[in-house]
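A.B. asks: What follows is a predicted structure for the sequence shown.
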Amino acid sequence: MELLFVTVVGAAIALGVRYAVPGRDTHGLLLIPSIGASATAVTWVLLLWLGFTFDGGWIWAFSLIIGPAVAFAFARLLPPRRRAADEALLAQLMAPGPAKPGVA
């Protein structure tokens, strides 16, 4: 049950990250929160496997710091890559192609 709670809180924090970092017009509404939720859940499970207890404070602290930090990293890395890909696609679409026979 705690996994569900920490995942929802991680997603909520990552939603705040989405609005705090510029460039949100280059990706969908739920991409950054879902990345934050996933990273939070994975961190929680890994820490459980490493011996942390679910009622300890450190597992919560690490999970709720690492998850949104991963979301922040993606929120910073995605916009420049998306803009470069869009510019490359536009250049490819605007490039003159070979003439087709029978078309004037």
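C.D. replies: Nice, thanks for sending it over.
A.B. asks: So for residue 54, what's the nearest residue that isn't a sequence neighbour?
C.D. replies: Among residues not flanking residue 54 along the chain, residue 2 sits closest, at 4.7 Å (CB to CB, 6 or more residues apart in numbering). The C-beta positions use only the backbone N, C-alpha and C, and glycine is treated the same way.
A.B. asks: secondary structure element for residue 58?
C.D. replies: Assessed by DSSP states H and E, residue 58 sits inside helix 57-94.
A.B. asks: So which bits of that helix are buried?
C.D. replies: Neighbour-count burial for helix 57-94, counted by 16 or more other CB atoms under 10 Å, picks out 59-60, 62-64, 66-72, 74-75, 78-79.
A.B. asks: OK, contacts around residue 82?
C.D. replies: Counting by CB atoms under 8 Å, 6 or more residues apart in numbering, residue 82 makes contact with 26, 27.
A.B. asks: Alright, calling it a day.
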